[in-house]
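Asks: Next come a sequence and a model predicted from it.
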Amino acid sequence: MSAPFDQHFLVDKKAIERIAGIIRVGGRRVLEIGPGHGELTAALLGRGATVVAVEIDPHLAEGLAERFASEVAEGRLVVVRGNAVTCPLPAFDVVVSNLPYSASSRITFRLLELGFEEAVLMYQSEFAERMLAPAGTPGCGRLSVMVQTYCAARRVFDLPPQAFSPRPKVRSTVVHVVPRGPLFPIRDEALYARVVKALFSHRRKTVRNSLRSAGSMLEKDFVDHLLANLPEEILSARPEELYLEDFATIANMGKA
């Protein structure tokens, strides 16, 4: 049976303290998504952070507000009741969160759009492996290319199912993400994102056939220009075989 709202609460106290201590949170405004009963929240507050806690479960949100009534009154904790995929988010500096597995991709893409100084995020291990898979390797995908285009990301440690209640059926991995500028110049970031999305919508096809199948994601004139001018080594490759520089090369041809 699935947990309500995809909730698996981290109960391993050593792991909670370890996560709270990966980056400096004192004096910073920390976004925590899915705080649950507030164990990580307490650790962050104890280290001097101001926490913005986004909780989808109204009962848990109410419990947080009651448990940390003093911190709420002092302005050190803001409890937002809503879905982190769509709800308005107050300003924040960094992110420290145990993300819900079912919304990890959508939340990660949203965080990339919003921007942050650094993030400590817990994912399902399989998801984290895909995110960290280097461009040009079979495991990479749209998420890994977009994350690695704009961030340096590293695995910090893994956690077994028994660290949670209820226990998930999978292992979890904590990842540290630090935004940086792209390694290769990108003239139009919105177009770059659409190119990556279009190519990985058909990851088993060659770039040539993926572009031909891009549909409304890319303008026909742009696709025709790419098919006529990209080198054969790119057109005949699969998206997962491309390096970050190749994606930038493709997108930058939109300004030719």
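Replies: Perfect, thanks for sending it.

Asks: Just want the most central residue of the protein.
Replies: Nearest residue to the geometric centre of the chain (C-alpha atoms, centre = their mean): Thr108, 2.2 Å.

Asks: Now the phi/psi pair for it, please.
Replies: phi -60, psi -40 (degrees, to the nearest 10).

Asks: Could you double-check that it lies in contact with Met122?
Replies: No. With contact defined as C-beta atoms under 8 Å, Thr108 does not count as touching Met122 (11.7 Å). C-beta: built from backbone N, CA, C; applies to glycine.

Asks: Can you check which residues contact both of the two?
Replies: Leu99 (C-beta atoms under 8 Å, 6 or more residues apart in numbering).

Asks: Any figure for the gap between Leu77 and Ser236?
Replies: 54 Å (C-beta to C-beta, to the nearest Å).

Asks: Who has more neighbours out of the two?
Replies: Leu77 (27 against 13; other C-beta atoms under 10 Å).

Asks: Grab the nearest non-local neighbour of that one.
Replies: Nearest residue to Leu77, sequence neighbours excluded (C-beta to C-beta, 6 or more residues apart in numbering): Glu71, at 4.0 Å.

Asks: Now do the phi/psi pair for that neighbour.
Replies: Phi and psi for Glu71, reported as degrees, to the nearest 10, are phi -70, psi -40.

Asks: list the contacts for Thr137?
Replies: Contact analysis of Thr137 by C-beta under 8 Å, 6+ apart lists Glu240.

Asks: rewinding a little: now do the contacts for the residue nearest to the centre of the chain.
Replies: 99, 121, 131, 143, 147.

Asks: now it: how far from Leu114?
Replies: 11 Å.

Asks: swap in Glu240?
Replies: Using C-beta to C-beta, we find Glu240 at a distance of 27 Å from Leu114.

Asks: And the two? Which one has more around it.
Replies: The residue with more neighbours, out of Glu240 and Leu114, is Glu240; 19 against 12, by other C-beta under 10 Å.

Asks: circling back: residues near the residue nearest to Leu77, how many?
Replies: Under the criterion other C-beta under 10 Å, the count of neighbours that Glu71 has is 20.

Asks: Help me confirm that it comes into contact with Gly46.
Replies: No. The pair Glu71 / Gly46 is not scored as a contact, 10.3 Å apart, by C-beta under 8 Å.

Asks: Give the bridge partners for Val78, please.
Replies: For Val78, the beta-bridge partners are Val52 (DSSP bridges).

Asks: Strands of the protein, residue ranges please.
Replies: 9-10, 29-33, 50-55, 77-81, 94-98, 118-124, 151-159, 164-165, 172-179 (DSSP state E).

Asks: now the helices: where do they sit in the stretch 151-256 of the chain?
Replies: Under the criterion DSSP state H, counting those that start in this stretch, helices of the stretch 151-256 of the chain are mapped to 189-200, 207-212, 220-229, 232-235, 244-252.
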